Structure formats: structure tokens, C-alpha cells
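Asks: sequence and predicted structure, then a few things I'm wondering about:
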Amino acid sequence: MYLVGETTHGHHQIEMACNTCHTSPFGGTEVLQDACVSCHGEELKAVSDSHPRSKFTDPRNADRVEILDARYCVTCHREHQEDITGAMGLTLPQDYCFNCHQDIAEERSTHVGLGFDTCASAGCHNYHDNLALYEDFLLKHAGEEDFLAINRRKALNSLQIYLDLNNPDMLEPSDVVVPDWIAVSTEISEWHSSSHQQAGVDCQSCHQPDEQSDGWVESPSMEVCASCHAPQMESFMLGKHGMRLKSGLPNMTPDMAKIAMKPDMSEALLHAELTCNSCHNPHDVNAMEAAVEACIGCHNSGHVNSYAASPHGQLYAQMHQGNLELKHAVTCATCHMPRVEVIEENHRVVRVNHNQNDNLRPNEKMIRSVCMDCHSLAFSIDSLADEALINNNFTGRPHHHIRSIDMAVERDSQIEVRDDSYQ
Amino acid sequence: MKMQLKLVVPVIALSALLVACGEKETGGIKPEVYTDSLFAVMKADRTNYTKLIVKRLGPKGAGVIKPDEHWQDMENGAPLPAQMFRAGAEGVAELTDNFTYSLQSLWPVNKQNAPRTELEKQGLQYIVDNPGENFYGEETLGDVTYFTAVYPDVAVAEPCVACHNNHKDTPRTDFKLGDVMGGVVIRVPL
């Protein structure tokens, strides 16, 4: 198939499903906008997008729109334009903030002399998501110790909530029924100490999902997993591991990846479809393996390969040796598949976000979702701005200092202290 | 999906055209009646939110919600009345193109909410200089001509005054109850 230009790293997996974005052959910018919003709209709302479309559909900004039509995603993120595509899929020069904020230095003395190509530098501003970067947040977390005294990481509780609500029968190996011709001793042994066993999920639950049928399914599909783990499947399909499924394409395989995969991967593994079982052993459902070993088995970068020797990796090793509580171990998933709390039927449910791209870029999105569970805001901002430190998986201290908190504190100290609370 | 209010705006346009030609008006809604009506709904909703929710459930009432600028970052945070008003404007922008509205001020906490068009500047100054009066005009923005109305936004409760006088980004710190603090700008394409 002929493509008008190379597809960005964000969309290359679905480039053969043209109609995911080009939903109508006669559509223009509005049609493309609908396509962008259909996949990215919810995440923008979730982060209180700082520049929502409604700001620019207001006619008072018509003159600004003539210069930069920010009503449409494709004004800044044009697809198939490899020659002009930069970080974050941006296809504009980085100083675009100038168009609306050219007088910022008059308003903020701290900004005098700063170039408009530095606004979006790590730790300063983000066009869409400023949840960890807005001024009052910087002030609130100024002066914190680099390593926090408490670990704010949320504990997973969805299994316990399920058990409390459903009180399933505790199954034993003698309770399970499998066809005579199947040898399952290892699998049953693994299953016996798993969360599936606790939840009353037996062999037939997955291998004979259709109760009306007596057929045994050797390799249950992802739909079987999703029948109980719908939220996990939903988030999986939003990330690069599962996005092809959302577009109706066959599963992703490691050989499709644009980023480096391990050079010694077998042909079988290179062409293996990514499913739930790629990372999770379906019988012992060992989440720790899925949180580290599964990732390292495929991914190959300085960051990945430095993990084991890094401070985070060492915490994981100590946990394995029994010298550290599980909650203090930092795995790949700790940062890349963060735990999220949602309220469902009056329960605060904490579960894993299986969209590993959700907080990946720009990396400031990790600050609140992950880093600040253990570190100060300043330490997090500085670390994420240090590419060498990222590459060695945070082995050492940041070599850069981003002044955003200093600037907020400096400005605050110049203003008369007033009580601005709503009384 | 945007709602289509197809009947309303053509009637306004026709009405404006007939009036301009000196013809007897045959019906429809005058633009200022249309915007006055919209403003009445906005004002009533805002007053109700302030009295029935913020005052009743906030620190001066049951104390179960915390009205705060950064309400989304708080467990029991609730939008300030002005933020609730803006949220309404953003919600409307997602539903229809047939009118837009915004809350602006000559002394905005957020500089982006200062008047931008000449008519906005003229209108906001007019309602400050002429307490109790509204301002109406027409302006062309882009390729579209709009009927633009500006309504005074008056400090009706002490928290409005205190919050604006005390906010670190405010350019004015001497607001009093009853002052015109800003204006609601409603725009209808003609």
C-alpha cells in the first residue's frame, strides 16, 4: 500500500487501518478531528487539557486562529510528515507559544530573556497536561526532601473487593474437573496458589467458557480474560501493546516495533502475537514476572538494560531475596503501568493501568502518577529532564536543575501574603 | 454532536435585516432579547450555584465541600462560582455554534480573560462607567459578523470580593460589594 509519508511512532501500528483516522473519503479536518478525539479525547479531559478546543472556537480568538488554528489537533500534529515531525509528534517549530503569549515577560519577571522554544522544556510547561506543573502545585511541593519518608503507592485491592462482594468457594485441586486426556499437574500446582484459585476461577472457567458446550479450548482467547478483566483489557487496547486490536487489526507482534527489541529473540517470539498471556502466565498469574521479566524479555535499550543494576532494580532484587516489603520494590510496571484509583459502585478500586503509553510522553506525566509516590516534585522534575539519567535508569543524581519551582517561589516571595481561601 | 438551533439565528438575522431597512418587524426574536434571555438563565444558574451549593455546603454552611480554584486536586473540592460559569461556557461550546459566552474583566485574575476585541474593551468599559446598564454592538471577527452583548458582573457576595482582592494574580485589590468586577460577553453570529 502506498502511504503519503512515513507514519509517526504513535500510529505506525495502525497505518494499514486507514479508516481508523480517515473515517470518510470525503472528510476534511473535521473528520480527522473526530478521529483524534475518539482515541485521545478522554485522556485530554482527564488531565484538564490546558488548551481545550472550546478556547479557540470562541470568536474572540478568531485572530489567533488565523495564525494558528488550535481548534484542530492536526494543526500541530500532522501525520505522515516525517521530515518535520519532532518529539510528541509535533510538526510545528517549538516556539509556537509565542503566538498567544508573547507578552509573558511583562507579566512575569521570572520569564525575562527566556526563549519561546524553551517553554515546553521538561519541568516547565506542557501544552495539554500541566497537572504536575501549575504554579500553585509547584509551590505546594517546594522544599520537599528528595526521598519522601512515606511511600504513597496505592495497594491493589480489586481482588479483595471481589472476594468480599462475591464470597466465592475456595477451590482445591480435588475440586477441578478436566478431561481425562489432559495432563495438568504442573498447571494445577501453579493455579493452586494463584489469585484465580482464590477467586473461585477453575479450569473450566477459562477452558470451557461456553457452559452449553463440552468443547475444551486449549488456548482461551483474550475475550475470555476480558470477561472478568474488562477494565484491564480496555486500557491494554489504548496502549501500543493492544492498539491494533482497537482498530480491528490482528495483534501486535514484537517484530512490528520501531523501538529496539532484544537481538537474540527467537523467530517464534518475534512473531508471537501480544496477548494477555505474553506477559502473564495464565496459571500462576505471577504479577511480578509480568512487571519485570516479561518487559525485559523483549525490550532493549540503555534504560531497560540498566534496570537490574539501578537503585530501582536493586529494590526489586532485595524484595526477591526477602529483604524488602513488596510495596517498596520498583518494577518496570511500577512506573510504566501505574496503579489508578477509580470509584465503582461505592468502592475505591485500585487497579493497574495496562496502557503503558499513558504516562510515557511527555515524561512529566509520570510525575504525579508515579514519581511523587516516593520522591519530591523537584527531584522528579530534575530527573526526568536528564536524558543521560533516564538512559542509565536513574543510577545517580540528576545533573540538571530545572528552575520552575525556584521561579514560583521567587515570584511568590515578591507578592504580599494574602489569604485567598474561599471563606 | 452539536445541537442545531436552526430556527433561532435566521430569525434574528431576518429581524435585524428588516429593522435595518426600516420595514415593520414581522416577528422573531430581537438579538438583545435573545442574549438578555440567555444572560438571565446564566445569572440565575450562577446565583443558584452560589447560594444553594457553595454557601449551603461550603465552609460557611455544612462544610462538606471545599470551593477552591484547584478543586480538582482536592478530595471534596468544588469549582468556584466563576469556574462553574466557565465550565458552562465550555460545555455550551461543545454543543452549539449558535452562540458563545465568556466571563471577562478589565482586571482579570487570568490575563487571558482580559477583553481582546475592540468591542469587548468598549463594552466592558461601558458597563463600568454606566452601572446597571448593558452594552450591545456588532463586530466582525474572522469572516463573521456577530451581535455582541456585554452584561455587568457585579460583586454580590463577600467571597467574590475577598477572593478577587486577595488573589495573588489580581491586578486590583480594592473591589467592594456592588462593584462591577467584570462582564459576561455573549456573542451571536448574524
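Replies: Alright, I've got the coordinates. Bear in mind that the values here come from a model prediction, so they are computed numbers and not experimental data.
Asks: and the helices in chain B?
Replies: Here chain B has its helices, by DSSP state H, at B:8-20, B:31-48, B:56-57, B:81-95, B:118-129, B:158-166.
Asks: mean neighbour count and distance to A:A149 added to the ones you listed, as TSV?
Replies: For every residue, glycine as well, the C-beta is placed using N, CA and C. Formatted as TSV, the helices of chain B follow (neighbours: other Cβ atoms under 10 Å in any protein chain shown; distance: least, Cβ to Cβ, whole Å):
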stretch	mean neighbour count	distance to A:A149
helix B:8-20	16	60
helix B:31-48	16	44
helix B:56-57	15	34
helix B:81-95	17	34
helix B:118-129	18	50
helix B:158-166	19	33
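Asks: redo the ones you listed as CSV? Include distance to A:H401.
Replies: Shown next, in CSV, are these (distance: least, Cβ to Cβ, whole Å):
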stretch, distance to A:H401
helix B:8-20, 55
helix B:31-48, 44
helix B:56-57, 43
helix B:81-95, 34
helix B:118-129, 42
helix B:158-166, 32
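Asks: could I get those helices as TSV with mean pLDDT and distance to chain A?
Replies: Compiled in TSV, the helices of chain B are given as follows (pLDDT from 0 to 100; distance: least, Cβ to the nearest Cβ, whole Å):
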stretch	mean pLDDT	distance to chain A
helix B:8-20	46	14
helix B:31-48	96	14
helix B:56-57	95	12
helix B:81-95	94	4
helix B:118-129	98	7
helix B:158-166	90	4
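Asks: looking at these, which is closest to A:W191?
Replies: The closest of the helices of chain B to A:W191 is helix B:81-95. By Cβ to Cβ, the value is 48.7 Å.
Asks: mind giving me the packing neighbours of the closest one?
Replies: Judged by 3 or more Cβ pairs under 8 Å, 6 or more residues apart in numbering or on different chains; DSSP states H and E, the packing partners of helix B:81-95 are helix A:53-57, helix B:31-48, strand B:100-104.
Asks: turn those into CSV, including distance to A:Q33.
Replies: Below are the helices and strands packed on helix B:81-95 laid out as CSV (distance: least, Cβ to Cβ, whole Å):
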stretch, distance to A:Q33
helix A:53-57, 8
helix B:31-48, 27
strand B:100-104, 18
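Asks: out of the helices of chain B, which is closest to A:H320?
Replies: Among these, helix B:81-95 sits nearest to A:H320 (Cβ to Cβ), with 48.3 Å.
Asks: tell me which of the helices of chain B sits nearest to A:L315.
Replies: When the helices of chain B are compared by Cβ to Cβ, helix B:81-95 sits nearest A:L315, at 41.2 Å.
Asks: do stretch A:150-168 and chain B meet at all?
Replies: No - Stretch A:150-168 lies out of reach of chain B by Cβ under 8 Å from any Cβ of the partner chain, never closer than 14.5 Å.
Asks: distance between the ends of that stretch?
Replies: Distance across stretch A:150-168, first residue to last, is 35 Å (Cα to Cα, to the nearest Å).
Asks: same question for stretch A:138-154.
Replies: Its first and final residues considered, stretch A:138-154 spans 23 Å by Cα to Cα.
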